[in-house]
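Chemist: Following is a predicted model, sequence given first.
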Amino acid sequence: MRRFCSFLIVGSLLSRLLLAADPADWIIRGKYVVTMDGHNRMIEGGAVAIRDTRIVGVGSQEDIARRFQAKHTLDKPDAIIAPGLIDTHTHAPMSLFRALADDMRLDDWLNNFIFPAESKNVSPDFVRWGTRLACLEMVLAGITTYTDMYYFEDVEAETAKQAGVRGVLGQTIIGFPAPDHKTWQEAIAATEKYIQHYQKDDLIVPAVAPHSIYTTPDEALVAAHQLAVKYNVPLSIHLAETQKERDDSLTKRNLSPTQVLEKLGLLDGRVIAAHCVWESPEDIDILKQHGTGVAHCPSSNMKLASGVAHVTEMLNRGLSVGLGTDGFAGSNDTADLILEMNIAAKLQKVTTMDPTVLPAEQVFAMATIGGARVLGLDKEIGSLEEGKRADIITISVARPNAVPLYNVYSQIAYATKSGDVDDVFINGKQIVSERKVLTLDAKEIYAKAEQFKQQILASLHH
């Protein structure tokens with residue numbers, strides 16, 4: 001009888017514990033949890049709990065098991081659990097132009113190859129399949145949020161959303177006939193409708209993307225800015241990318257490109273400035289004063305010989321600086337933010353001749369919480385914290401390049417490869433499981449890419 005009573009007591013305690021446990025959709029357990037929160041907590045033997053689209057718990061495996069009862073559990077004893085990576089500048093549909101034209105200067109590449117190829121080939125269907133190809137590559141590399149500037153951005157937004165990928169997606173405003181709109185005025189009108197459609201979306205942040213000061217007239221730049229401010233959406237622009245851009249601006253206006261934007265009022269509000277290679281200390285002061293976010297694209301700046309951005313100085317001054325892969329054609333060719341971390345850190349070291357600058361932890365911050373700050377989304381993404389969106393990746397450390405493991409940040413920044421990313425969750429939904437993408441059909445995408453290749457080649461020979 002006594003044994004029976006004790007069974008009842010134990011049973012009652014267990015049921016009370018289970019009732020006390022909060023429901024969760026997922027518990028992900030790993031060797032380490034790298035939070036990138038305000039204290040940069042790293043939890044050995046850690047776990048993360050997800051409910052719906054949000055993180056509801058981050059802690060030790062014991063703590064999370066006690067607090068939550070989950071429908072699904074993902075056990076990754078040989079993995080690092082980390083925030084999803086954030087790409088602050090790219091042109092995703094250009095994946096269909098990958099390696100089409102290389103080894104030339106930016107102005108030559110744009111005017112003689114890319115702009116003509118775009119005018120003959122870019123259509124809603126091109127953007128749809130180019131986005132699918134880019135999203136396939138991005139999620140397999142652990143990129144959960146990307147920042148885009150392209151044409152037919154409403155089609156891109158719809159496609160990225162179907163794939164379950166978070167995007168800050170900017171409709172291009174440019175001063176000559178583009179594949180989607182013949183005038184910048186038409187582009188502005190269409191962008192407003194696009195913003196209205198997506199302004200409350202939980203995956204897509206619509207943005208306005210005037211291309212640059214050298215391709216977009218001042219009145220178009222001002223109209224783009226007014227639209228961004230009206231709806232409180234980001235404005236994304238190429239800025240001070242090349243010496244030619246800076247020299248031309250100084251010659252024609254007696255102002256640097258950054259001073260031009262300040263004079264036009266463009267730096268007020270949420271601004272993402274891509275590249276920022278040719279910035280003087282005064283320019284950096286202006287960016288700091290306006291809280292402008294900088295998208296640093298090291299591979300692109302190296303490949304096009306644009307120069308090296310003063311990233312160390314910008315970070316020391318307290319600017320928000322994230323990492324960008326830039327376009328898939330000519331300027332980079334891959335969507336690999338883990339590689340960008342590696343290159344960014346080494347590039348700052350060799351150009352400053354100081355091996356201590358941009359250390360591993362800081363460059364990983366640029367790819368996560370720093371990128372979120374650039375986009376104005378750091379309250380929502382960029383770190384593993386309760387209440388934030390569940391954008392989470394697992395990185396295997398059961399690979400030859402990951403053994404032995406002494407320092408997690410060094411491991412990620414200098415030894416990890418994009419192929420070490422095993423699982424990806426975006427907005428609480430599993431998008432990649434053991435390197436299989438669950439939301440996209442890879443075979444179909446490859447077949448379509450081949451069709452577009454034939455079409456693009458034929459168009460260039462006419």
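Modeler: Received it, and whenever you're ready, just let me know what you need.

Chemist: and Arg66, how many neighbours does it have?
Modeler: A count of nearby residues for Arg66, using other C-beta atoms under 10 Å, gives 14. Using the backbone N, CA and C atoms, a C-beta is placed for each residue, glycine as well.

Chemist: Would you agree it is in contact with Ala21?
Modeler: Yes - counting by C-beta atoms under 8 Å, Ala21 is a contact partner of Arg66 at 7.3 Å.

Chemist: ok, how many other residues are close to Lys448?
Modeler: 19.

Chemist: show me the contacts for it.
Modeler: Lys448 makes contact with 129, 132-133, according to C-beta atoms under 8 Å, 6 or more residues apart in numbering.

Chemist: hang on, Asp283 packs against Gln259?
Modeler: Yes - contact criterion C-beta under 8 Å: Asp283 and Gln259 qualify, at 7.2 Å.

Chemist: counting contacts, what elements does the strand or helix carrying Leu221 pack onto?
Modeler: Counting by DSSP states H and E, the element that carries Leu221 is helix 218-231. Applying 3 or more C-beta pairs under 8 Å, 6 or more residues apart in numbering; DSSP states H and E, we find helix 218-231 packed against strand 166-173, helix 184-198, strand 204-210, strand 235-239.

Chemist: Columns mean neighbour count on top of those, output as TSV?
Modeler: Output for the helices and strands packed on helix 218-231, formatted as TSV (neighbours: other C-beta atoms under 10 Å):
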stretch	mean neighbour count
strand 166-173	29
helix 184-198	19
strand 204-210	28
strand 235-239	28
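
Chemist: out of the ones you listed, nearest to Lys31?
Modeler: strand 166-173 (25.8 Å; C-beta to C-beta).

Chemist: What strands line up against the closest one, and which way round?
Modeler: strand 143-150 (parallel), strand 204-210 (parallel) (DSSP bridges).

Chemist: Dump these to JSON lines, plus distance to Ala223 and mean pLDDT.
Modeler: What follows is the strands paired with strand 166-173, written out as JSON lines (distance: least, C-beta to C-beta, whole Å; pLDDT from 0 to 100):
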{"stretch": "strand 143-150", "distance to Ala223": "17", "mean pLDDT": "98"}
{"stretch": "strand 204-210", "distance to Ala223": "9", "mean pLDDT": "98"}
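
Chemist: Go through those strands and name the closest to Gly371.
Modeler: strand 143-150 (7.5 Å).

Chemist: max-length strand in this protein?
Modeler: strand 68-83 (DSSP state E).

Chemist: List the buried residues for it?
Modeler: Across strand 68-83, burial judged by 16 or more other C-beta atoms under 10 Å covers 68-70, 74, 76, 78-83.

Chemist: do the same with stretch 386-397
Modeler: Neighbour-count burial for stretch 386-397, counted by 16+ other C-beta under 10 Å, picks out 388-397.

Chemist: okay if I get those as JSON lines plus pLDDT?
Modeler: Output for those, formatted as JSON lines (pLDDT from 0 to 100):
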{"residue": "Lys388", "pLDDT": "98"}
{"residue": "Arg389", "pLDDT": "98"}
{"residue": "Ala390", "pLDDT": "98"}
{"residue": "Asp391", "pLDDT": "99"}
{"residue": "Ile392", "pLDDT": "99"}
{"residue": "Ile393", "pLDDT": "98"}
{"residue": "Thr394", "pLDDT": "98"}
{"residue": "Ile395", "pLDDT": "98"}
{"residue": "Ser396", "pLDDT": "98"}
{"residue": "Val397", "pLDDT": "97"}
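
Chemist: Mind checking which of those residues land in strands?
Modeler: 392-396.

Chemist: where does this protein dip in pLDDT?
Modeler: 1-19, 462 (pLDDT under 70).

Chemist: Kindly report the domain assignment for it.
Modeler: Domain assignment for the chain, taken from automatic domain parsing, gives 23-83+384-427, 85-375.

Chemist: Could you single out the most deeply buried of those domains?
Modeler: domain 85-375 (a mean of 21; mean count of other C-beta atoms under 10 Å).

Chemist: tell me how far that one is from the chain's mean position?
Modeler: Remark: domain 85-375 is offset 10 Å from the chain centroid, using C-alpha atoms, centre = their mean, to the nearest Å.
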